[in-house]
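Student: Predicted model, plus sequence, below.
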Amino acid sequence: MSIEIRLVKAAGDADAALRLAREALLLRALGKLPGLEGQVPRVIEQGTDARGHAYLVLSAFPGSGETRAFTGEHARFLAALGKARFRAADFEYSGKCQWIQRAIPEGDSLLHEAYYDCEKALLYWTGPYVLSQGDFAPWNIRTFGSQLFVMDWGNAQADASPLDDVLHYLMIQRRMRTVALLRKAMSRAREFALAAYPEWSWRPVVIGALTLVYLLGVILHRGLNRADPVVGAYWKLLEKRSIWMKEN
C-alpha cells in the first residue's frame, strides 16, 4: 500500500495568505491541463486554522531525487506549461516588462540602463509570454519514471518571458558568473525556444535581450542585495552585458 506524502504550507500574515490563495487557485487549474496531469501538487485541503492563519495542504512526491541536467522531459514540461497561459504581445505590453518597470528604484542608473537595452532590442519583436513556475530549479523537481513532479509554485508569474524558467534552471544552480557559462545557457535556451515556439523569431538579439530580462527579474525579486551570492553574480553579468549581448 502506498503512503501519500503531504506538504503543509501556512501563512503568517495577510500577504502570505494571499499568495497561498493564488497558489491554490493556480494548482487546481494546472492539474486539469493535458500534459501536466500528475506533475504538479494536488490541493488536498485549504482553510484557516484556530489562530486565524490560512493554510494549504498539498500532495508531494519523493521521486528519485534531483537531476542537474536540463533534459528533454524538462523541456516538454515547460512547453506544456507555456500553453497553459499563453499570450502573444510586444515586450512593452507584457506583464514582465510592466513589473520590471515598477520594481526598478528611481535612482539606480545601471538597472534603468539595462532595462532600456531590453526595450531597445525588443522594440520590433512580438513574441509569446507565458506562465513561469518562478523557481524552476533542481531542488523543486523530482523525477518518477520519465515524468517530473514540480513543487513550490508560490513564485509563479503570468505573462513571463518564455526563457525565464529555462535560464533559471541552467543558471541558478551554478550562480553563473562568467560570460562563457552564460553563453552556454543562452544557447540551450534558444534550442528550447525554437522547438517549443517555432513560429516566432529567435534571433540572437532576441535571446540576448530576454536573457537580460531574466537577470533583471531575479535581481529585483531578490531585493538588490549584492551580498546575496545570486544577486552579486547576476549583477556582474549585467555590468558585462555589452560583451555577451553583442557577441551573442
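Tutor: That came in fine, so what should we check first? Quick caveat, the model's predicted, so the values are computed rather than measured.
Student: just the CA coordinates of stretch 119-127, formatted as PDB?
Tutor: In PDB, the C-alpha atoms belonging to stretch 119-127 read as follows (Å, rounded to 0.1, in the frame of the first residue of the first chain):
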ATOM      1  CA  GLU A 119      13.300  47.700 -24.500                       C
ATOM      2  CA  LYS A 120      15.500  48.800 -27.400                       C
ATOM      3  CA  ALA A 121      16.500  45.300 -28.500                       C
ATOM      4  CA  LEU A 122      12.900  44.000 -28.400                       C
ATOM      5  CA  LEU A 123      11.300  47.100 -29.900                       C
ATOM      6  CA  TYR A 124      10.200  45.400 -33.200                       C
ATOM      7  CA  TRP A 125       9.700  41.900 -31.700                       C
ATOM      8  CA  THR A 126       6.400  40.400 -30.900                       C
ATOM      9  CA  GLY A 127       6.600  37.000 -29.100                       C
END
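Student: domains in this protein, as residue ranges please.
Tutor: Using automatic domain parsing, the domain ranges for the chain come out as 5-60, 72-247.
Student: Format those domains as CSV; extra columns: mean pLDDT and mean neighbour count.
Tutor: Quick note: C-beta positions are derived from backbone N, CA and C, even for glycine. As requested, the domains of the chain are exported to CSV (pLDDT from 0 to 100; neighbours: other Cβ atoms under 10 Å):
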stretch, mean pLDDT, mean neighbour count
domain 5-60, 91, 15
domain 72-247, 93, 18
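Student: Can you verify residue 242 is assigned to a helix?
Tutor: Yes: counting by DSSP: H, G, I helix; E, B strand; the rest coil, residue 242 falls inside a helix.
Student: distance of it from residue 212?
Tutor: Distance, residue 242 to residue 212, by Cβ to Cβ, to the nearest Å: 11 Å.
Student: Ok, residue 68 next?
Tutor: With Cβ to Cβ as the criterion, residue 68 and residue 212 are 25 Å apart.
Student: And for residue 90?
Tutor: Here the criterion is Cβ to Cβ. By it, residue 90 lies 17 Å from residue 212.
Student: Now do stretch 146-166: distance from first to last residue.
Tutor: According to Cα to Cα, to the nearest Å, stretch 146-166 extends 19 Å from its N-terminal end residue to its C-terminal end residue.
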